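A.B. asks: sequence plus the predicted model coming up.
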Amino acid sequence: MRFSDTRLEPIWAKVRAGERLSREDGLTLFATDDLLGVGRLADHVKSQREGDRVYFVINRHITPTNVCVLSCSFCGFARKPGQAGAYEHTIEDMVAMVKDETREVHIVGGHHPDWPFDYYERMIQAIHAAHPETQIKAFTAAEIDYFWRRWKIEPKDALARLKAAGLQSMPGGGAEIFSPRLAKLLKYTGKADPERWCEIHGIAHGLGISTNATMLYGHVETHAERVEHLLRLRQQQDASGGFSTFIPLTYQEGATQLVPRRTPPGDSLRTIAVSRLLLDNFPHVEAYWVVLGEATASIALHFGADDVNGTLEDERIQHLSGAQTPAGLAREQLFRMIRDAGKIPVERDALYNVVQVYN
Amino acid sequence: MLDRIREKTLNGKRLDREEGRYLLTDAPLLEAGALASEARFARHPEKVVTFVIDTNPNYTNVCVTDCQFCAFYRKPGDKEAWTLSVDEVLAKVEFAASKGATTVLLQGGHNPALPLDYYLTLVRETRRRFPQVTPHFFTASEITLMAEVAKTSIDGILDQLYNAGQRTIPGGGAEVLSERVRTRIEPKKGGPKAWLDVHRAAHRRGFKSTATMMYGHVETTEDLLDHFDAIRALQDEHGGFTAFVPWSFKPGNTLLEKWIKHYEGPNAYLRMLAVSRLYLDNFPHVQASWFSEGKQAGQVALHFGADDWGGTLFEENVHKAADYVNTISVEEIVALIREAGFTPAQRTTEYEILQRY
């Protein structure tokens, strides 16, 4: 491979040899002008791991409530109790949202001040009883941590009880950016800090619960902070090994306006590529079409991503923050997004078991 | 094969059909893009991306050509048919000029009821009343129709347009310059020769023009290569093309929609741009169309060999008729080009830089 920036050559040598990239390499990958060079490196890694396969899942999101005790600056979703627009779903409502063909249900909500832990436990039990074939991916590490803060339930106990109720995996949200500076600046100090977030994922992995990891980028963070975040995740994966997918989340400027404009597609493509290159121990890197937009998600399949998320019949959090993408993409549209990139759609379940290959 | 293509590109050697075919079909997308980007910077070393303040109004939707890909036209006598008077068109030019436009790309259906004087007056009055505006009027097939209506030659029409003050011609109506494709989707517009002959005559007379391509319908890879070969050969003759502008066919509300439901996506577009930069070695500029492919793909396209962002398109009706709408302001263009890592520069119709931002 030839590069317009020669600083990529030693990185290519490492990638080819399967050597781990350093913090310095990560910073170079973010700094270089050679965007396609970074993409080609990541595409090489992705192709070695997965060939032309790109995964998707028939899924739906359920957001039990938008009532939240936190006030994170980047969030356009949360409401205070009693505030206009605040809502709380009943368990019956949520059971009814899942359809027979839903293979994965993703449940993430606000930090509710009053709901007892057993409400969450009953929620999982009820959905699991009504739809035993549907895999339940629920509650971020931030929520698990909140159960401890609010109800003094140890994460190990909370996760064991939820697992017994039917939970099979955990989403990767609530990580935001692992940076004390940003936690303070963007007012998310009330949330699980990086060590706690990683600790909880480690506990989940120990219980046999696979999890995802995310990074909220494109607001006021630096490239160095992104690299630190990725390296911390890599370290955790070395320790506990249960992460299946890394999902970079583009900050949706919407109503919260930390920055005036969405970060450009080149930055998103680069972030996906650098993630693929640094996270050498993560099986998958996702181009989440809801936050990227369909065009960038499709292009990202050449920049190291091997997953586009899913059909998503509901995605309230990103939408209230201003994501422009239509709320429900049919399988056909996902096919087009994947096939336009010359890739092969592979339907998966929440645990990355292959359901069907669409050649 | 990639090494061979790179070797040839860097040494100023021309790619052959086999190499073009490989780039269009098998080359890894980012490898093609990286080569195209290298070729782009070899030709335009500065990280500058140009754009034009322009508008695309239409003077009539009356058309007798019945192209199957078109959702814009109406047959003569249709209750939705309309034709603007000279004053109505000039009011549109005036409006665009008041917003800073330097280019008005005016085109319309093929309306045999319009006399030659209508077209000539539009050019003359635009030049007289709005000297800052370049009348970028009338595609090849409209010029052919003028010649038929006025019972004169193409050269004769071009002479009169030139004398009225016109210097550039838009490149629309090429679609895919292949006999097979044009017979299938636009049988009344003639084969590739019809389009090529007008541009050849125009270049000979001293006009500049652009070459376009509308892909993503019934064409094959060989048809696309025919198109590239035809415009590259014509460019060798007089060097009259300023830019190549590809876009994907939008099937909404067209006859072809029955067979082609969706337009080709961003990856196909990036590949098309990369191939055109590499294959069309004698074209100065390749345009990234934010308009037809979306702003995201447009920004990424600047890394795949494109060096121009197109224009503001204050008014556009042809894609709109296919239910495809996209709008932009000068401020947004400047922001988008900067975000992609380039210096924005406003240009004229003929790609002279007016100001850098």
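C.D. replies: In hand now; what should we look at? Keep in mind that this is a model prediction, so the values were computed, not measured. Numbering: from 1, shown residues only, chains lettered A, B, ... in the order given.
A.B. asks: so A:A183: helix, strand or coil?
C.D. replies: Following DSSP: H, G, I helix; E, B strand; the rest coil, the label given to A:A183 is helix.
A.B. asks: check contacts around the residue of the stretch 251-357 of chain B found nearest chain A.
C.D. replies: Nearest to chain A in the stretch 251-357 of chain B, going by CB to the nearest CB, is B:G265, at a distance of 3.3 Å. Every C-beta, even on glycine, is put in place using the N, C-alpha and C of the backbone. Residues near B:G265 by CB atoms under 8 Å, 6 or more residues apart in numbering or on different chains: A:294-295, A:298, A:336-337, A:340-341.
A.B. asks: let's go with 7 Å and repeat that
C.D. replies: A:298, A:336, A:340 (CB atoms under 7 Å, 6 or more residues apart in numbering or on different chains).
A.B. asks: look up phi and psi at it.
C.D. replies: phi -90, psi -170 (degrees, to the nearest 10).
A.B. asks: from A:G241, how far off is it?
C.D. replies: 36 Å (CB to CB, to the nearest Å).
A.B. asks: swap in B:K250?
C.D. replies: 48 Å.
A.B. asks: repeat for A:M170
C.D. replies: Distance from A:M170 to A:G241, by CB to CB: 14 Å.
A.B. asks: of these two, who's got more company?
C.D. replies: A:M170 (30 against 12; other CB atoms under 10 Å in any protein chain shown).
A.B. asks: OK, contacts around that one?
C.D. replies: A:M170 touches A:137, A:139, A:204, A:209, A:211, counting by CB under 7 Å, 6+ apart.
A.B. asks: most neighbours among those residues, which one?
C.D. replies: A:F139 leads the contacts of A:M170 on contacts (other CB under 10 Å) with 28 neighbours.
A.B. asks: now for it: which residues touch it?
C.D. replies: A:107-108, A:120, A:162, A:170.
A.B. asks: from those residues, which ones fall inside helices?
C.D. replies: In this view, these that belong to helices under DSSP state H are A:120, A:162.
A.B. asks: considering the contacts of A:F139, which is situated nearest to B:I143?
C.D. replies: A:V108 (60.5 Å; CB to CB).
A.B. asks: hmm, A:G174 and that closest one touching each other?
C.D. replies: No. Judged on CB atoms under 7 Å, A:V108 makes no contact with A:G174 at a distance of 8.4 Å.
A.B. asks: just want the residue of chain A that's nearest chain B.
C.D. replies: A:D340 (3.3 Å).
A.B. asks: tally of neighbours for that residue?
C.D. replies: Neighbours of A:D340 (other CB under 10 Å): 21.
A.B. asks: grab the nearest non-local neighbour of it.
C.D. replies: Leaving aside its chain neighbours, A:D340 sits nearest to B:G265 (3.3 Å; criterion: CB to CB, 6 or more residues apart in numbering or on different chains).
A.B. asks: ranges for the strands of chain B?
C.D. replies: B:48-52, B:54-55, B:103-106, B:134-137, B:168-169, B:208-215, B:241-248, B:285-286, B:308-311, B:343-347, B:353-356 (DSSP state E).
A.B. asks: near chain A, which residues of chain B show up?
C.D. replies: With CB under 7 Å from any CB of the partner chain as the criterion, chain B meets chain A at residues B:29-31, B:33-34, B:37-38, B:262, B:264-268, B:270, B:294, B:296-297, B:299-300, B:303, B:335, B:339-341.
A.B. asks: helix or strand with the lowest mean pLDDT in the chain?
C.D. replies: Looking at chain A here, since you left the chain open. Least confident helix or strand, chain A: helix A:316-320 with a mean of 53, by mean pLDDT, DSSP states H and E.
A.B. asks: to clarify, I was referring to chain B.
C.D. replies: helix B:318-321 (a mean of 78).
A.B. asks: quick one: that one to chain centroid distance?
C.D. replies: Remark: helix B:318-321 is offset 15 Å from the chain centroid, using CA atoms, centre = their mean, to the nearest Å.
A.B. asks: if you count neighbours, what's buried in that helix?
C.D. replies: B:318-319, B:321 (16 or more other CB atoms under 10 Å in any protein chain shown).
A.B. asks: got these as JSON lines, with distance to B:G172 columns?
C.D. replies: Below are the buried residues of helix B:318-321 laid out as JSON lines (distance: CB to CB, whole Å):
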{"residue": "B:V318", "distance to B:G172": "9"}
{"residue": "B:H319", "distance to B:G172": "12"}
{"residue": "B:A321", "distance to B:G172": "14"}
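A.B. asks: now the strands for the stretch 201-350 of chain A?
C.D. replies: When assigned using DSSP state E, counting those that start in this stretch, the strands of the stretch 201-350 of chain A occupy the ranges A:210-217, A:243-250, A:284-285, A:307-310, A:344-348.
A.B. asks: which strands or helices does the third one pack on?
C.D. replies: Here strand A:284-285 touches strand A:243-250, helix A:265-278, going by 3 or more CB pairs under 7 Å, 6 or more residues apart in numbering or on different chains; DSSP states H and E.
A.B. asks: likewise for the fourth one?
C.D. replies: In this structure, strand A:307-310 makes packing contacts with strand A:53-57, helix A:289-292, helix A:331-340, judged by 3+ CB pairs under 7 Å, 6+ apart.
A.B. asks: what is the mean pLDDT for the last one?
C.D. replies: It refers to helix A:331-340. For helix A:331-340, the mean per-residue pLDDT is 88.
A.B. asks: could you give the angle of it to strand A:53-57?
C.D. replies: Interaxial angle, helix A:331-340 versus strand A:53-57 (axes from the mean of the first three to the mean of the last three CA atoms, to 10 degrees): 160 degrees.
A.B. asks: show me the shaky parts of chain B.
C.D. replies: Within chain B, no stretch has pLDDT under 70.
A.B. asks: pick out the residue closest to the middle of it.
C.D. replies: B:T212 (3.9 Å; CA atoms, centre = their mean).
A.B. asks: for B:G172, see how far away A:T134 is.
C.D. replies: Taking CB to CB, one finds A:T134 at 52 Å from B:G172.
A.B. asks: repeat for A:P132
C.D. replies: 58 Å.
A.B. asks: which one's more surrounded, the two?
C.D. replies: Legend: neighbour count by other CB under 10 Å for A:P132 and B:G172, higher for B:G172 (21 against 9).
A.B. asks: tell me how far that one lies from B:F137.
C.D. replies: In terms of CB to CB, B:G172 sits 11 Å off from B:F137.
A.B. asks: so what touches stretch B:30-41?
C.D. replies: By CB under 7 Å, 6+ apart, the surrounding residues in contact with stretch B:30-41 are A:4, A:36-37, A:39-40, A:43, A:302, B:2, B:5-6, B:9, B:23, B:270-271, B:273-275, B:277-278, B:303-305, B:307.
A.B. asks: packing partners of the longest helix seen in chain A?
C.D. replies: Ranked by residue count under DSSP H, the longest helix found in chain A is helix A:223-240. Secondary-structure packing of helix A:223-240 (3+ CB pairs under 7 Å, 6+ apart): helix A:23-31, helix A:194-206, strand A:210-217, helix A:265-278.
A.B. asks: can you pull the contacts of the closest residue to B:T343 other than its chain neighbours?
C.D. replies: Once flanking residues are discounted, B:T343 sits nearest to B:V48: 4.8 Å by CB to CB, 6+ apart. Contact analysis of B:V48 by CB under 7 Å, 6+ apart lists B:342-343, B:345.
A.B. asks: what about 10 Å?
C.D. replies: Residues near B:V48 by CB atoms under 10 Å, 6 or more residues apart in numbering or on different chains: B:307-308, B:337, B:342-345, B:347, B:353, B:356-357.
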